[in-house]
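S.K.: can't give you the sequence, but here's the structure:
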């Protein structure tokens with residue numbers, strides 16, 4: 001992968017991160033393309049899968065549902081997002097993403113601005129369901 005200039009990244013270029021749940025792939029980030037203002041990627045959730053509750057102390061997170069549906073729990077609110085719908089989670093707000101439906105959900109996400117250091121960008125609020133290690137965050 002190229003880290004500066006014109007960079008094309010495919011989903012297959014990035015290994016899945018399953019530690020927090022689902023199949024999350026950070027596609028465009030400081031590490032993959034030299035991004036300086038945020039990072040983006042895609043998530044695939046099978047029926048019943050979830051991404052554990054967390055928050056971002058320095059970033060807003062934007063979701064756009066491409067396929068399937070997701071249940072977004074934001075603080076004490078629940079919101080179902082269908083294909084073609086989007087939502088922004090404000091900075092510092094706890095959230096959890098679930099697939100309550102019977103089909104695979106596919107979601108795009110974007111976070112901005114970046115945290116001062118990668119390890120400060122994500123705070124987990126519940127036990128992590130997945131296996132393996134978290135990626136070295138040049139933006140995840």
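M.R.: Received it, and whenever you're ready, just let me know what you need. Everything numeric here is computed off the predicted structure, so don't read it as measured data.

S.K.: bridged to residue 55, which residues?
M.R.: Bridge pairing for residue 55 (DSSP bridges) gives the partners residue 123.

S.K.: pLDDT at it, what is it?
M.R.: What the model reports as pLDDT for residue 55 is 97.

S.K.: okay, now stretch 86-102: how far is its last residue from its first?
M.R.: With CA to CA, to the nearest Å as the measure, stretch 86-102 spans 20 Å from end to end.

S.K.: residues of it that come out buried?
M.R.: Judged by neighbour count (16 or more other CB atoms under 10 Å), stretch 86-102 contains these buried residues: 89, 94-99, 101. C-betas here are computed from N, CA, C, even on glycine.

S.K.: what of stretch 17-34?
M.R.: The neighbour-count check on stretch 17-34 (16+ other CB under 10 Å) flags 17-33 as buried.

S.K.: sort out for me which of those residues are in strands.
M.R.: With strands identified by DSSP state E, the entries of those that belong to them are 23-28.

S.K.: out of those residues, who's nearest residue 74?
M.R.: When those are compared for distance to residue 74 (CB to CB), residue 24 wins out at 18.2 Å.

S.K.: residue closest to the middle of this protein?
M.R.: Residue closest to the average C-alpha location in the chain (CA atoms, centre = their mean): residue 109, at 5.4 Å.

S.K.: so which strand or helix has the residue nearest to that one when sequence neighbours are not counted?
M.R.: With CB to CB, 6 or more residues apart in numbering as the measure, residue 63 is the residue that lies nearest to residue 109, at 5.5 Å, once sequence neighbours are left out. Using DSSP states H and E, residue 63 sits within strand 60-67.
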